[in-house]
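K.L.:
Provide a 3D model corresponding to the input given below.
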Amino acid sequence: MATRLRELPGFSIDRVAAAAGDDRTVLRLENLDTDLRPPAEAIAATREALERDEANSYLPFTGTEALRAAAAAQVSRLSGVVYDPHRQCVITAGGTAGMFNALLAVLDPGDEVILTDPTYAGMIYRVRLAGAVPRLVPFVVSGGEWRLDLDALGAAVTPRTRMLFLMNPSMPSGAVLTSTEWTRVAELCAGRGLWLLYNAAMERILYDARPCIHPAALPGMAERTITVGSVSKEYRMIGWRVGWVVGPERVMADVARVSIYNVVTPVGIAQPGATAALTTAEDGLASAVAEWERRRNAVLRELDGWPVTTAAGGWSLLLDVARLGFGSETASERLLGLGRVAATPMRHWGAINGDRFVRLVFSNEPVGRLTGLGGRVRAALGPPP
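P.N.:
Predicted coordinates for the structure are as follows:
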């Protein structure tokens, strides 16, 4: 086994999904899927692309000109920073490929990268695949919401720290950073000369009228922020596998070079659909967010009295099964076997905030099916503490 693989665990999501099978009595809360439709214009443009020869090509290696222009314009709009689509944007085969390309372009073996605890396991272990060392800074619960431990954040920075790698809203917790927390992140990056790799896959999926704060807009951050986005979540286009990396010109040539030799090109027939999604006047995001918020609220009502912390954004929240006397693997097995609920164990998604939780994804089940979730959890894990 290669050394870089020794600390990489298997991924538990597909195992839970396989165990659930196609049984419609099971609540599917294990995977980041959604039943809400993509923009109609995106579907139409993808169908049309199937008949176009230029869409059946490797070229251009860094993405079509139209899609690069649309992606760069979106990041410019949200951040207030003007990005050149030719020199500051690369299209990738989904956001996860974009994250890995950026890590490989910036990091040397042994560099340290700060992430939150918990965070998406695919972020933690891509850091390891790149030869770097993840350092986890915990979220803590305060006022019924997840808050970043700012003292621990400052203490985590060492002479070997090269990057902060953050997702906002964070997955799996649904934590959303406040302006105060972002300001501290910016101070650390600017003061210590660090990169910020910003996973923006869900940045506009925000609840309770929270504002969207793009970190590149903060003082000193335009030249330090690498933004990775995709059409998967906000545009409900998971299967298209189209993402982008947008950042300072001084690093984007290296990101493009890695991208060409890692995954040579994003999916050709998917790019026109992604372009249409980014440029349509009605992308359906507002109504989608309203529906996901209703589903989040339904889960919170069903689990009132249980040890759950609300999601301020994103598609999932966490149930603290350690408070009920279970590890995450055992709780996940019981939830499926006794409660007919597919939920992912969070072992390996954090150190402090990992194995004590299971993740409940509320984006793929309508409110009607979520009704009764509390009874299912009780049947599997016993009464609330």
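K.L.:
and Gly325, how close does it get to Pro272?
P.N.:
According to CB to CB, to the nearest Å, Gly325 stands 52 Å off from Pro272. (Glycine included, C-beta is placed from N, CA and C.)
K.L.:
residues near Ile260, how many?
P.N.:
Applying other CB atoms under 10 Å, we find 15 residues neighbouring Ile260.
K.L.:
what's the answer for the one 3 residues further on, then?
P.N.:
Applying other CB under 10 Å, we find 17 other residues in the vicinity of Val263.
K.L.:
from Val246, how far out is it?
P.N.:
17 Å.
K.L.:
also Ala322?
P.N.:
Taking CB to CB, one finds Ala322 at 39 Å from Val246.
K.L.:
re the thing from before, so Gly325 and Pro272 - more neighbours on which side?
P.N.:
Between Gly325 and Pro272, counted using other CB under 10 Å, the more crowded position is Pro272 (24 against 11).
K.L.:
any buried residues in the helix or strand harbouring the more buried one, and which?
P.N.:
For Pro272, the host element (DSSP states H and E) is helix 271-279. Neighbour counts over helix 271-279 (16 or more other CB atoms under 10 Å) mark 271-279 as buried.
K.L.:
neighbour count: Ala322 and Val246, which is higher?
P.N.:
Each of Ala322 and Val246 has its neighbours counted (other CB under 10 Å); Val246 has more, 30 against 14.
K.L.:
wait, that one touches Tyr83, no?
P.N.:
Yes: using CB atoms under 8 Å, Val246 is in contact with Tyr83, at 5.3 Å.
K.L.:
so what sits against both of those two?
P.N.:
By CB atoms under 8 Å, 6 or more residues apart in numbering, Val246 and Tyr83 have these common neighbours: 72, 75, 89.
K.L.:
OK, contacts around the first one?
P.N.:
With contacts taken as CB under 8 Å, 6+ apart, Ala72 has the following neighbours: 83-85, 88-89, 244, 246.
K.L.:
what about 6 Å?
P.N.:
Contact analysis of Ala72 by CB atoms under 6 Å, 6 or more residues apart in numbering lists 83, 85, 89, 246.
K.L.:
right, and the first one touches Val245 too?
P.N.:
Which is Tyr83. No: with contacts defined as CB atoms under 6 Å, Tyr83 does not count as touching Val245, sitting 10.7 Å away.
K.L.:
which of those two has more neighbours?
P.N.:
Neighbours were counted for Tyr83 and for Val245 using other CB under 10 Å; Val245 has more, 31 against 25.
K.L.:
beta partners of that one?
P.N.:
For Val245, the beta-bridge partners under DSSP bridges are Val90, Val228.
K.L.:
quick one: contacts of whichever strand or helix holds Ile260?
P.N.:
Ile260 is located in helix 249-262, with elements delineated by DSSP H and E. By CB under 6 Å, 6+ apart, the surrounding residues in contact with helix 249-262 are 61-62, 87-88, 90, 92, 101-102, 104-105, 245.
K.L.:
for that helix, buried residues please.
P.N.:
For helix 249-262, burial by neighbour count (16+ other CB under 10 Å) applies to 251-252, 255-256, 258-259.
K.L.:
hmm, back to that, just the contacts of helix 249-262 now: which is nearest Arg369?
P.N.:
Comparing the contacts of helix 249-262 against Arg369 with CB to CB places Thr92 closest, at 34.0 Å.
K.L.:
can you give me the helices in the stretch 151-300 of the chain?
P.N.:
Using DSSP state H, counting those that start in this stretch, the helices of the stretch 151-300 of the chain run over 179-192, 249-262, 271-279, 285-302.
K.L.:
could these go into TSV alongside distance to Gly337 and mean pLDDT?
P.N.:
Listed next are the helices of the stretch 151-300 of the chain as TSV, based on distance: least, CB to CB, whole Å; pLDDT from 0 to 100:
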stretch	distance to Gly337	mean pLDDT
helix 179-192	39	97
helix 249-262	40	96
helix 271-279	39	98
helix 285-302	19	98
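K.L.:
out of those helices, flag the one nearest Thr371.
P.N.:
For the helices of the stretch 151-300 of the chain, distance to Thr371 was read as CB to CB. The smallest value, 6.8 Å, belongs to helix 285-302.
K.L.:
buried residues in the closest one, which are they?
P.N.:
Within helix 285-302, the residues scored as buried using 16+ other CB under 10 Å are 285, 288-289, 291-293, 295-300, 302.
K.L.:
which elements pack onto the helix holding Pro272?
P.N.:
If you count contacts as 3 or more CB pairs under 6 Å, 6 or more residues apart in numbering; DSSP states H and E, helix 271-279 packs onto helix 40-49, helix 65-79.
K.L.:
most packed of those?
P.N.:
Mean neighbour counts were compared across the helices and strands packed on helix 271-279 using mean count of other CB atoms under 10 Å; the top stretch is helix 65-79, at a mean of 21.
K.L.:
that concludes my questions; thank you for your assistance.
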